Each structure stands twice: as C-alpha cells, then as structure tokens.
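Undergrad: have a look at this prediction, sequence included:
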Amino acid sequence: FSLVDGSYFFISSHYFFISSSSRLANHIDRGVFTSPQNTTFYLSNCGHTCCKECIDKGRLSDKCSRCSAAAPKFVTIDRSLVSNLQVLFKRTCLLIAEHSEELASSLHFQSNQRALRIKGQQEHIKHQEVQLVELQSQVTTMSDEIKMVRRKCDENPRVDHFDRPFFPDGNRRRDHGDYSRRHARKVAPRRENPSAHDHSEEQHQNGG
C-alpha cells in the first residue's frame, strides 16, 4: 500500500494510474490530481476520494461532489486504514497471490461436498427404484390371483354370495325360505300371558 510511483488509486469506481512525473491540471471533480505524491488523500463513507485541499476548504462538508451524498464522513488514506479498506488500494497481483490458496481450498471443499451430495442422491434413487420394482411385482401377483379367482367363479356357475339379493335388513341370505321363517317370527303377534288370560275367563264364567 503506497501512493508513490506505480500504485493504483481507487476513484469513482475506476482505477487510475498515478505517476510522479505527470502534470495534471485538473482537480478532483474530473477524477485526477496534481502532484499526488505531495498530497494527502481521504476516502469517504460513500466510496469516493478527495484531496486535503478540498477538505480544508470545506467543499465537501455538505455533500459529496461525486454522488451528492449528504454530509459524508472521511478517513485518511494511509497505512493506518483498516484492512477491509486497505484491500481497495492493493495491487491485483498481490490480492490474487494472497487469496489463491484460500480460493483453492474453498473450491476443493465445495467440490467434495457436491460430490458427496450427488452420491447420496444417486443411492437414494437406486433405493427408490428397488422399492418400485418390488411394488410392481406385488401388483402383478395380486392381479394374477384376482384373475384366477374370477376364472374359478366362471367355471363353477352357482349362486355366489355377491349374487344373492339384498333383504330389508341389509343382509344377504342363501335361501328365501329361511328369510321368510325368520321374518315371520319377527312379525308374529305377541301372545298374551296365558295365566292372566285363563284367570279372566274363569272370573267371567263365575259371574263376576
């Protein structure tokens, strides 16, 4: 991290090459600086840069000249910057060298996890396929049994349980006579108590 020859400086979402031999007449509003090696620079909380002259003259106290953010806050761009801000000014090759090993480790870990997940899903699919074959076999067996039972029923023409008529009580019976006898017993009139009946006749015969 440095602001000398060959360094990169982040300005308005672009990288500009700063050379000590450059004589740039423009100022911050155009994104370039004059004699940057002798100038102190600041970084705003909205992600833009400015020079010490702009700060001293209060040009940015109300709003940022790049994005018009209200009352921006500034920190000095030097080696005391926090690491997450210093990384904005480091060379790309240094960033690649620092993070290549970490990136390779992350890629290796993610590849292994992806392979394990795919393997687990494939095993689950195989298990489901085995269960499907077993269920299809059971369905085929049951279908064959149903056909065999139907064939036996066709070979033995008789009154089957399912061919018997329904009766008022909701049941099926083999024989109508049996139903008639049962029904007759249900609807037969109740006989009076014989002892009470004989006693009333005896009183009638005795005159009272």
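TA: Perfect, thanks for sending it. Just so we're clear, the structure is a prediction, and the values are computed from it rather than from any experiment. Residues are numbered from 1 along each chain as shown.
Undergrad: can you give me the helices for the protein?
TA: With DSSP state H as the criterion, the chain has helices at 52-56, 83-86, 92-155, 176-187, 194-205.
Undergrad: how about those in TSV, adding distance to residue 75, mean pLDDT and mean neighbour count?
TA: For every residue, glycine as well, the C-beta is placed using N, CA and C. Below are these laid out as TSV (distance: least, CB to CB, whole Å; pLDDT from 0 to 100; neighbours: other CB atoms under 10 Å):
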stretch	distance to residue 75	mean pLDDT	mean neighbour count
helix 52-56	11	76	14
helix 83-86	7	78	10
helix 92-155	21	90	10
helix 176-187	103	54	10
helix 194-205	118	56	9
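Undergrad: neighbours around residue 72, how many?
TA: Using other CB atoms under 10 Å, residue 72 has 22 other residues around it.
Undergrad: can you pull the contacts of the closest residue to it other than its chain neighbours?
TA: In space, residue 72 comes closest to residue 44 once its chain neighbours are excluded; the distance is 4.2 Å by CB to CB, 6 or more residues apart in numbering. Shown in contact with residue 44 (CB atoms under 8 Å, 6 or more residues apart in numbering): 50, 60, 64, 69, 72-74.
Undergrad: nearest to residue 151, of those residues?
TA: Residue 151 lies nearest to residue 69 out of the contacts of residue 44, by CB to CB, at 88.4 Å.
Undergrad: how close does the nearest residue to the closest one once chain neighbours are set aside sit to residue 147?
TA: Nearest residue to residue 69, sequence neighbours excluded (CB to CB, 6+ apart): residue 46, at 4.1 Å. In this view, residue 46 and residue 147 are 81 Å apart by CB to CB, to the nearest Å.
Undergrad: which pLDDT value belongs to the residue nearest to residue 72?
TA: Looking at residue 44, its pLDDT reads 82.
Undergrad: same question for residue 207.
TA: 55.
Undergrad: just residue 41 next, same as before
TA: Reported pLDDT for residue 41: 81.
Undergrad: count of neighbours near the closest residue to it other than its chain neighbours?
TA: Spatial nearest neighbour of residue 41, chain neighbours left out: residue 77 (4.4 Å); criterion: CB to CB, 6+ apart. Using other CB under 10 Å, residue 77 has 21 other residues around it.
Undergrad: no further questions, thank you.
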